[in-house]
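Peer 1: 3D model of this:
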Amino acid sequence: MTDNNDRRQIPDAMKVGTAMRRITPPIGTPMGGFAFRQHGSEGIRDDLFVRCLWLEDPSGFRIVILALDICTLDFNTVEQWKQEMHRRWGLLPEQILINTSHTHSGPVAGRRIYLPEEPAESYMDVLRKRVMEAVDEAAYLEDQCSMYFGRCEISIGVSRRAPEGQGVKWAPNPGGHIERGLSVLTLKDRFDQPICIIFSVAAHPSIMQDYFITSEFPGAACRRLTQKIGGRCMPMFLQGAAGDVKTVINVDFQNNSWIKGTYQHVERTGSVIAEAVLQVLAERSKPIANSCKSASVWAELPLGLPADPADYPQFYRDYPRFAPNAPVDKWADYWLNRFRQEGRLPNTVSCPVQVLRFGEDTDFIAFGGELTSGLTKQIKAALPQTTNAAFLGYSNGMIGYLPTEQMVREGGYESVEAIVYSRRLPAPYGAGLEQSLIDAVAACLRFDTVTQVQQGA
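Peer 2: Have a look, this model is predicted:
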């Protein structure tokens, strides 16, 4: 038993609250992640959860982080949730980060053209209720904490864009650039025990390819950390720049091809991540200042439509040549009908960008799309102050993939083919994509859009 005299005093402590709720859908619920699925789930391998962290720094500024074991969320859903949180708790949009793990073995929670069914309304109602319950519980702020941050390199991923002639093919590319950093933010109580461990790494949770619900390797890593650490610590996974990264465990290196994984592969990958997190906690974590702030903007991303609208019909007739493996017809018909009805098509598309800062220079930089690792490289080069940053995708809704301009020129799934699976992009991105995102991150890093909210507001 620990005596009160052994408590470590925390000067200017953060206040913290945590909570989690089960969000596992009923068997038979439509599943998201793979276009081949023709019916709902057949069973449940492990439960899905929403995890919530509520932080309040000594000045009274608040941040809420929600991590969900689902594939994606629509912008409309995120907006509705944030509006409700504002009404109930006075939180501003930039104070709330909503990140999805991108498990490909969870329920449909976002709309895509190829899906035969929309998200189940009954499930979405339950999901909203569980999210609000988690926020409500975390808002009690029963504990004080101090913060620590550390990182290391981890090799669980591999690029899925392999060079082929002047373009690329969907195949393992062990030499390709990917984001290999594992970032760990730890909140410890006055007994020096972890209250919450936030960890982020980049890879597609698509090891399993069947009809069974699972939180995939992010959930396996959280379970492993809970077993190892014990107590009341809540592990929380945030998905990184995984847009062009699959897990290395899905690779047949002898034939340079993909293989379907097993649940044992899920558990093994989760254990590798958990052990790396524990190593960071033991050897690499350093204390950071007990303060936080946040900012968010909408980046306007240019699209590569023909300069002359008269060329739009030919553009859509030619598109199957650029995306021969994708179901182009529905997508092309949708945008051509929009053009006939409205006489124009949008030449930009909006994407949310958000920065949460912990301490003086530890940033979580989040994007509302499937962030690719090449973009993180571009941002780091343009903004040297982001060197101590964790880059997050799949946050605050989903625009689709966020490739580099080089990837657009190369073609391939992430930059050319994937856009036909939604009604958000009428064309691939155009010149200026990278600069638009760099400018958005730079605007957030000034933190001049933040509204300081008084404690209890």
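
Peer 1: From now on I want contacts and neighbour counts done on CA atoms only, so please keep to that.
Peer 2: Will do.

Peer 1: now residue 49, nearest residue through space, not along the chain?
Peer 2: Spatially, and ignoring its direct neighbours in sequence, residue 49 is nearest to residue 22 (4.5 Å; Cα to Cα, 6 or more residues apart in numbering).

Peer 1: Between the two ends of stretch 37-57, how far is it?
Peer 2: 45 Å (Cα to Cα, to the nearest Å).

Peer 1: mind checking how far that stretch is from the chain centre?
Peer 2: Centroid displacement of stretch 37-57 relative to its chain, using Cα atoms, centre = their mean, to the nearest Å, is 14 Å.

Peer 1: what sits against residue 187?
Peer 2: 145-148, 194-197 (Cα atoms under 8 Å, 6 or more residues apart in numbering).

Peer 1: Of those residues, which is the most crowded?
Peer 2: Of these, residue 145 is surrounded by the most neighbours, 28 neighbours in total, counting by other Cα atoms under 10 Å.

Peer 1: any idea of the mean pLDDT in stretch 394-406?
Peer 2: Stretch 394-406 carries an average pLDDT of 96.

Peer 1: can you list the contacts of residue 187 in CSV and add pLDDT, distance to residue 163 and secondary structure?
Peer 2: Listed next are those as CSV, based on pLDDT from 0 to 100; distance: Cα to Cα, whole Å; DSSP: H, G, I helix; E, B strand; the rest coil:
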residue, pLDDT, distance to residue 163, secondary structure
145, 93, 48, strand
146, 94, 46, strand
147, 96, 42, strand
148, 97, 40, strand
194, 96, 44, strand
195, 96, 45, strand
196, 97, 41, strand
197, 98, 38, strand
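
Peer 1: I'd like to know which of the residues you listed is nearest to residue 412.
Peer 2: For the contacts of residue 187, the residue nearest residue 412 by Cα to Cα is residue 197; the value is 36.2 Å.

Peer 1: Would you confirm that that closest one contacts residue 238?
Peer 2: No: counting by Cα atoms under 8 Å, residue 197 sits too far from residue 238 to count as a contact (10.6 Å).

Peer 1: if we can go back for a sec, count of neighbours near the residue nearest to residue 49?
Peer 2: Counted by other Cα under 10 Å, the residues lying close to residue 22 total 16.

Peer 1: Tell me how far it lies from residue 392.
Peer 2: Counting by Cα to Cα, the gap from residue 22 to residue 392 is 23 Å.

Peer 1: And for residue 83?
Peer 2: Between residue 83 and residue 392 the computed distance is 22 Å (Cα to Cα).

Peer 1: What ranges in the stretch 351-457 of the chain fall below the confidence cut-off?
Peer 2: Low-confidence segments of the stretch 351-457 of the chain, defined by pLDDT under 70: 449-457.

Peer 1: same question but for the stretch 201-350 of the chain, I mixed them up
Peer 2: Applying pLDDT under 70 to the stretch 201-350 of the chain flags no residue at all.

Peer 1: all helices for it, in order.
Peer 2: For the stretch 201-350 of the chain, the helices defined by DSSP state H, counting those that start in this stretch cover 216-229, 263-283, 312-322, 328-342.

Peer 1: Mean neighbour count and distance to residue 294 added to those, as a markdown table?
Peer 2: Shown next, in a markdown table, are these (neighbours: other Cα atoms under 10 Å; distance: least, Cα to Cα, whole Å):
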| stretch | mean neighbour count | distance to residue 294 |
| --- | --- | --- |
| helix 216-229 | 22 | 25 |
| helix 263-283 | 18 | 25 |
| helix 312-322 | 14 | 40 |
| helix 328-342 | 15 | 36 |
